[in-house]
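Student: When you get a sec, could you give me coordinates for this:
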Amino acid sequence: MRKRTRRIALASLASLAAVVGYDVAQRRKAILRNFPVVGHFRYLLEGFGPELRQYIVTSNNEERPFSRDQRRWIKNSSEGQPNVFGFGTDDEVEAVDNLVIIKHSPFPAPVPAEGEPGSGPDFEVPAAKTMGAAHDRKHAFRPASMVNISGMSFGALSPPAVEALNRGAAIAGCLQNTGEGGISPYHRHGGELIFQIGTGYFACRDEEGRFSLERLRETVEGAPVRAIEIKLSQGAKPGLGGLLPAAKVTPEIAECRGVPVGVDCVSPPSHSAFGDVDGLIEFVEQVAGVTGLPVGIKSAVGELGFWEELVERMAATGGGPDFITIDGGEGGTGAAPLAFADHVSLPFKLAFAAAYSTFARAGLAEDVVFIGAGRLGFPDAALFASALGCDMVNVGREAMMSIGCIQAQRCHTGGCPAGVATQSRWLMRGLDAQLKSSQAANYIVNLRAELLALARSCGVSHPALVTPDHIEVVSERYGHAPLREVFGYEDGWPLPGVAGPDREG
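Tutor: Below you'll find the predicted structure:
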């Protein structure tokens, strides 16, 4: 009996060792690689989720910030699995709470024949405007993808995560924003970049931490940078600076940022190179003049006086940003105090409509490429943004999910179990950059494809041709109104398909 028990125990141990060996060797799932054996319980529970949720409280649409259905759509899109849902919607459409309806046409736009624009296998959906054309920038260009990757810094994200996103951007033909942490070796795997200048001026600062135009020129000349973004604020922590603790400032991160090793790396709340709207415009023109690149700004939206003054001074001087990235208050790749995360800055829809309206009323909307950010990484949300006037959308947390993020919400602790938002060598080893890059690319391509399909269902051939009249908002007691009326948009803007030096219809 004892021998038999011993044989069973040895067989069990051998089986367990085999599972551990397999989990550690495989590269597809970072959770299993980092947490052999126990990681299987997560996937087991996930697989039985629909059945279990008949008896357990949470539904497919209750978890936040991204619901289970949304996470499943990203996961399946990135892994090349079917991303359709059966048995009807999980939404309680009769419980009306600002329900958004896309008004399809009885005569959808046809799918282009093989060889015609838009018929390629990668579902190329270029931006409708040429970035930098209105201000005659030397290196003005038309972005090849309407969907691009948001600014997430090296340091906040792990080296393999940055590399996976950059490789994915190269495959999908989209842009990757560097975030304010400088350009690392992991940003140099084929993906083109938007270089972000934050308040710490990392990778473009002198020894005292002041902005250095010469250092900026050196940085962008040695990298595949297509545009420069000046970050005023972001939705995750509007009005706050940032801090990378000394323990996380490794020699590699310090070199990329141009800061000392092992010292707290601080981003102040505001810029030292300028302090008012005229100074901002002068700074934009200075950077654009030296680099020849399109230069834009990124900001969350609070008080509207800034936007009104910016429009007024741009009209008077003829200068200013070539693109504007509006980040909604629901944006979230940075750690922030709860009060700031929940209550400071407008959510995306209100924020974008307020800023865009200011430009549209002054007749300057066509001089600027508008980019939206803040939970827009889903086809319906991206189409809504297009109807409001977005020329492009940026995806951040959704892109993280495409390479393995499981919404553990430990980004600020350095303990990300999927190896995405961490500098722990043990945790990041589970994330295979080359393998995950194809998942990032699949996600971008599938998002573009479904966004394009939604636009065609409205009877137009490109998302930029979707207007506020294509979207209906249903409110309580079944009141409903087109998007134009809800947000106070006037007839004629956005101006879809208008020909000109900065827009290609």
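
Student: who's in contact with the most centrally placed residue in the chain?
Tutor: Centroid-nearest residue in the chain: residue 395, 1.9 Å away (criterion: Cα atoms, centre = their mean). Applying Cβ atoms under 8 Å, 6 or more residues apart in numbering, we find residue 395 in contact with 147-150, 373, 376-377, 444, 447. To be clear about C-beta, it is placed using only N, CA and C from the backbone, and glycine gets the same treatment.

Student: how far away is it from residue 78?
Tutor: 12 Å (Cβ to Cβ, to the nearest Å).

Student: repeat for residue 365
Tutor: 34 Å.

Student: The two - which one has more neighbours?
Tutor: residue 78 (27 against 20; other Cβ atoms under 10 Å).

Student: how far away is the residue nearest to the centre of the chain from residue 250?
Tutor: Residue 395 is 27 Å from residue 250, by Cβ to Cβ.

Student: the strands in the chain, which residues?
Tutor: 99-102, 147-149, 175-177, 192-197, 225-231, 242-244, 265-267, 295-299, 323-327, 369-373, 392-395, 471-474, 480-482 (DSSP state E).

Student: burial of residue 407, as a residue count?
Tutor: Using other Cβ under 10 Å: residue 407 sits among 17 other residues.

Student: Oh, that last question was meant for residue 315, not what I typed.
Tutor: 14.

Student: How about residue 479?
Tutor: Count around residue 479 with other Cβ under 10 Å applied: 9.

Student: cool, residue 379 as well?
Tutor: 23.

Student: for residue 317, same thing?
Tutor: 12.

Student: ok, it to residue 310 distance?
Tutor: Going from residue 317 to residue 310 by Cβ to Cβ gives 11 Å.

Student: Identify the residues contacting residue 34.
Tutor: Per Cβ under 8 Å, 6+ apart, neighbours of residue 34: 417-419, 426-427, 429-430.

Student: for residue 404, that is, sorry about that
Tutor: Residues near residue 404 by Cβ under 8 Å, 6+ apart: 29-31, 418-420, 431, 436, 439.

Student: Quick check: of those, which has the highest neighbour count?
Tutor: Neighbour max across the contacts of residue 404 (other Cβ under 10 Å) = residue 420, 32 neighbours.

Student: ok, now how distant is the residue nearest to the centre of the chain from residue 381?
Tutor: Applying Cβ to Cβ to residue 395 and residue 381 gives a distance of 10 Å.

Student: now do residue 171
Tutor: 23 Å.

Student: okay, those two: which has more neighbours?
Tutor: Taking other Cβ under 10 Å, residue 171 and residue 381 do not tie; residue 381 has more neighbours (22 against 18).

Student: Need the nearest residue in space to the more buried one, chain neighbours excluded.
Tutor: residue 375 (6.4 Å; Cβ to Cβ, 6 or more residues apart in numbering).

Student: Hmm, that neighbour is touching residue 330, no?
Tutor: Yes - with contacts counted by Cβ atoms under 8 Å, residue 375 reaches residue 330, the gap being 5.2 Å.

Student: Residues in contact with both of these two, list them for me.
Tutor: With Cβ under 8 Å, 6+ apart, residue 375 and residue 330 have common neighbours 65, 348.

Student: CA-only coordinates of stretch 345-356, as PDB, when you get a sec.
Tutor: Below are the C-alpha coordinates for stretch 345-356, written out as PDB (Å, rounded to 0.1, in the frame of the first residue of the first chain):
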ATOM      1  CA  SER A 345     -11.000  67.400 -16.100                       C
ATOM      2  CA  LEU A 346     -13.900  66.700 -18.300                       C
ATOM      3  CA  PRO A 347     -14.600  63.200 -19.700                       C
ATOM      4  CA  PHE A 348     -13.700  62.800 -23.300                       C
ATOM      5  CA  LYS A 349     -17.000  63.500 -25.100                       C
ATOM      6  CA  LEU A 350     -17.600  66.700 -23.200                       C
ATOM      7  CA  ALA A 351     -13.900  67.700 -23.400                       C
ATOM      8  CA  PHE A 352     -13.500  67.100 -27.100                       C
ATOM      9  CA  ALA A 353     -16.800  68.800 -28.100                       C
ATOM     10  CA  ALA A 354     -15.900  71.900 -26.000                       C
ATOM     11  CA  ALA A 355     -12.400  72.300 -27.500                       C
ATOM     12  CA  TYR A 356     -13.400  71.400 -31.100                       C
END
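
Student: For it, which outside residues touch it?
Tutor: Counting by Cβ under 8 Å, 6+ apart, residues outside stretch 345-356 touching it are 233, 235, 238-239, 300-302, 304, 307, 324, 326-331, 365, 370, 372-376, 384-385, 388-390, 487-489, 494.

Student: Got a quick PyMOL command for the buried subset of these?
Tutor: With 16 or more other Cβ atoms under 10 Å as the criterion, this PyMOL line picks the buried residues out of the contacts of stretch 345-356:
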select buried, resi 233+235+238+300+301+302+307+324+326+327+328+329+330+331+365+370+372+373+374+375+376+384+385+388+389+390+487+489+494
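
Student: Among the contacts of stretch 345-356, which lie within helices?
Tutor: If you go by DSSP state H, those have 307, 384-385, 388 in helices.

Student: which two in those residues are spaced the farthest apart?
Tutor: The span of those, defined through Cβ to Cβ, is set by 307 and 384 at 20.7 Å.

Student: So for the residue lying closest to residue 406 once chain neighbours are set aside, what's the pLDDT?
Tutor: Here the nearest residue to residue 406 in space, its sequence neighbours aside, is residue 418; by Cβ to Cβ, 6+ apart that works out to 5.5 Å. Per-residue confidence at residue 418 stands at 88 (pLDDT).

Student: ok, residue 418 touching residue 429?
Tutor: No - using Cβ under 8 Å, residue 418 is not in contact with residue 429; the gap is 11.7 Å.

Student: residues contacting the nearest residue to residue 285 once chain neighbours are set aside?
Tutor: Leaving aside its chain neighbours, residue 285 sits nearest to residue 319 (4.7 Å; criterion: Cβ to Cβ, 6+ apart). The neighbourhood of residue 319, defined by Cβ under 8 Å, 6+ apart, consists of 135, 281-282, 284-285.

Student: let's see it at 7 Å
Tutor: 135, 281, 284-285 (Cβ atoms under 7 Å, 6 or more residues apart in numbering).

Student: In terms of distance to residue 456, which of those ranks first?
Tutor: Nearest to residue 456 among the contacts of residue 319 is residue 135, at 32.8 Å by Cβ to Cβ.

Student: and that closest one, how many residues sit next to it?
Tutor: Residues near residue 135, counting by other Cβ under 10 Å: 21.

Student: What sits closest to it if chain neighbours are left out?
Tutor: Of all residues not flanking residue 135 in the chain, residue 322 sits nearest, at 5.7 Å (Cβ to Cβ, 6+ apart).

Student: thought that neighbour was touching residue 137?
Tutor: Yes - using Cβ atoms under 7 Å as the test, residue 322 is close enough to residue 137 to be in contact (6.3 Å).

Student: So which of the two has more stuff around it?
Tutor: Between residue 322 and residue 137, counting by other Cβ under 10 Å, residue 322 is the more crowded of the two (26 against 20).

Student: can you pull the contacts of the more buried one?
Tutor: 131-132, 134-135, 137, 294-296, 368-369.

Student: 8 Å instead, please
Tutor: By Cβ under 8 Å, 6+ apart, the residues touching residue 322 are 131-132, 134-135, 137, 140, 227, 288, 294-296, 368-369.

Student: If you rank the contacts of residue 319 by neighbours, which is first?
Tutor: Among the contacts of residue 319, residue 284 has the most neighbours (other Cβ under 10 Å), with 23 neighbours.

Student: Please name the residues that touch that residue.
Tutor: By Cβ under 8 Å, 6+ apart, the neighbours of residue 284 are 230, 295, 297, 319-321.

Student: Repeat the analysis, applying 7 Å as the threshold.
Tutor: 230, 295, 319-321.

Student: That one and residue 212, how far apart?
Tutor: Separation of residue 284 from residue 212 (Cβ to Cβ) stands at 17 Å.
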